[in-house]
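# Just a sequence and a predicted model for now, questions to come.
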Amino acid sequence: MTPLGGIRVLDLTRLLPGPFATLVLSDLGAQVDKLEDPNMGDYTRHAPPMVGNAGAAFHALNRGKRSAVLDLKSERGRAVFERIVPHYDVLFEQFRPGVLARLGLAHERLLELHPKLVVCALTGYGQTGPLRDRAGHDLNYLARAGLVGLAGPADQKPAIPPFQLADVSGGLWSVIAILAALREREQTGKGSILDIAMLDSVIPFATIGLSKLLGGELPARGGELLSGGIAAYDTYLTADQQVVTLGALEPKFLMKFCAHAGIEVDLSVLLPGPHQAELKARFSRAIAGKTAPSGRRSTPSTTSASSPRCARTKSCPTRRWSHGGCSSRARPARARCVTTALRSRQPTSSRRRRRARGSTPTRSSARRA
């Protein structure tokens, strides 16, 4: 028994945001069927490094799903699409606002076809407002939310984050909204249309960094509590040129670390300001006198204040992920043509059996990842 067992999701998304969201739904037990266009399909199929006939990212994001090809720009493809929609609980789309409407498949039309359908539309700036038609990527959304302006040293231009925060957070907020909508449907018997904007999804990440604005002050890049403004929350080099991170924001942990490392400080070490330059120099000298292994052992186990950097060749989460089923050994989702498979025709006895078991009306040759 899984939390979303029996829930069927029709996934029209590609790249990272939508596929990540439907991956979470799949991991919770939902059956996710991925529809791809007949040209390139999901772009991550072609993104190196390749594992077999598809990119590693495609495998990671689409394991456990079924995949089929459907041309929504053709009249025949749209007719097939309208026939299969009533067989699903959730439809997840990531087109820019108005794209489905121009194809005659507006959100309202989808609810006419299936009044209990939950339609989740994930976009950069939402379905309404002056930016609704603007294209964008993760970096654009982070910049508009104010997060990019806080990243990097004070005397340099803002740093580009090495991760896709807006894509992943947009996907997670979509999952939360879908779960809430499914719960609401249990009570009302009605579906809903969910409007999720990736810009909105990242604004909560700026809560601490931009909190000074509430007091009428501007935050300083590289100078705030959690952006490199204090010695107790920074990265340092060891004697063997390894990078370690220090995160000791609680006074009891910080004082234990400093006592063990031979650094004399008072509680002003936790306050940003000009005095932090001299404190950082003292912390750097103390940590530079130790190699990375001895530096890790020198910290009392009760503090958990410092950690080694995750080397590129041995990323920390990899073992946990592989045991959880996220490794690249997962078989790729296979793209199959769905238009001929979903033609109206007399079902065979095997199809009758599949339908009796509650399978989707898609072709039996569509394989799980």
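Received it, and whenever you're ready, just let me know what you need.
# mind listing what Leu122 touches?
Thr13, Pro17, Gly18, Ala21, Phe92, Glu93, Gln94, Gly170, Gly171, Ser174, Ile196, Met198 (Cβ atoms under 8 Å, 6 or more residues apart in numbering). For the C-beta atoms, the positions are set from N, CA and C on the backbone; glycine is no exception.
# ok, now with 7 Å
Pro17, Gly18, Gln94, Gly170, Ser174, Ile196 (Cβ atoms under 7 Å, 6 or more residues apart in numbering).
# my guess is Ala154 contacts Arg221, does it?
Yes - counting by Cβ atoms under 7 Å, Arg221 is a contact partner of Ala154 at 5.4 Å.
# out of these two, which sits in the busier spot?
Arg221 (22 against 11; other Cβ atoms under 10 Å).
# For that one, give me phi and psi.
Note on Arg221: its backbone torsions stand at phi -60, psi 130 [degrees, to the nearest 10].
# Of all the residues in the longest helix seen in the chain, which ones are buried?
Criterion DSSP state H: the longest helix present in the chain is helix 165-188. Buried residues in helix 165-188, counted by 16 or more other Cβ atoms under 10 Å: 165-175, 177-179, 181-182, 185.
# What count of nearby residues applies to the residue lying closest to Met50 once chain neighbours are set aside?
With sequence-adjacent residues excluded and distances taken as Cβ to Cβ, 6 or more residues apart in numbering, Met50 is closest to Ala56, at 7.2 Å. By other Cβ under 10 Å, 16 other residues sit near Ala56.
# how about the helices of this structure, start to end?
Ranges of helices in the chain, per DSSP H, are 17-27, 56-62, 75-84, 99-102, 107-113, 138-144, 165-188, 198-202, 251-261, 276-288, 292-297, 318-323, 349-356.
# The residue nearest to Met50 touches Arg45, doesn't it?
No - counting by Cβ under 7 Å, Ala56 sits too far from Arg45 to count as a contact (10.7 Å).
# any weak-confidence spans in this structure?
Applying pLDDT under 70 to the chain picks out residues 293-369.
# Next up, the contacts around the residue most central in space within it.
Of all residues in the chain, the one closest to the mean position by Cα atoms, centre = their mean is Val168, 1.7 Å from it. Neighbouring residues of Val168 by Cβ under 7 Å, 6+ apart: Phe20.
# Now with 10 Å, please.
Shown in contact with Val168 (Cβ atoms under 10 Å, 6 or more residues apart in numbering): Leu16, Pro17, Phe20, Ala21, Asp138, Met198, Ser201, Val202.
# Please parse this protein into its domains.
Using automatic domain parsing, the domains assigned to the chain come out as 8-204+317-356, 233-237+243-308.
# Deepest-packed of these, please.
The highest mean neighbour count among the domains of the chain, using mean count of other Cβ atoms under 10 Å, belongs to domain 8-204+317-356: a mean of 18.
# related to what we said a few turns ago, could you redo the helices of the chain as JSON lines and give each row distance to Ile7?
Shown next, in JSON lines, are these (distance: least, Cβ to Cβ, whole Å):
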{"stretch": "helix 17-27", "distance to Ile7": "7"}
{"stretch": "helix 56-62", "distance to Ile7": "18"}
{"stretch": "helix 75-84", "distance to Ile7": "16"}
{"stretch": "helix 99-102", "distance to Ile7": "22"}
{"stretch": "helix 107-113", "distance to Ile7": "17"}
{"stretch": "helix 138-144", "distance to Ile7": "28"}
{"stretch": "helix 165-188", "distance to Ile7": "7"}
{"stretch": "helix 198-202", "distance to Ile7": "22"}
{"stretch": "helix 251-261", "distance to Ile7": "43"}
{"stretch": "helix 276-288", "distance to Ile7": "50"}
{"stretch": "helix 292-297", "distance to Ile7": "44"}
{"stretch": "helix 318-323", "distance to Ile7": "24"}
{"stretch": "helix 349-356", "distance to Ile7": "18"}
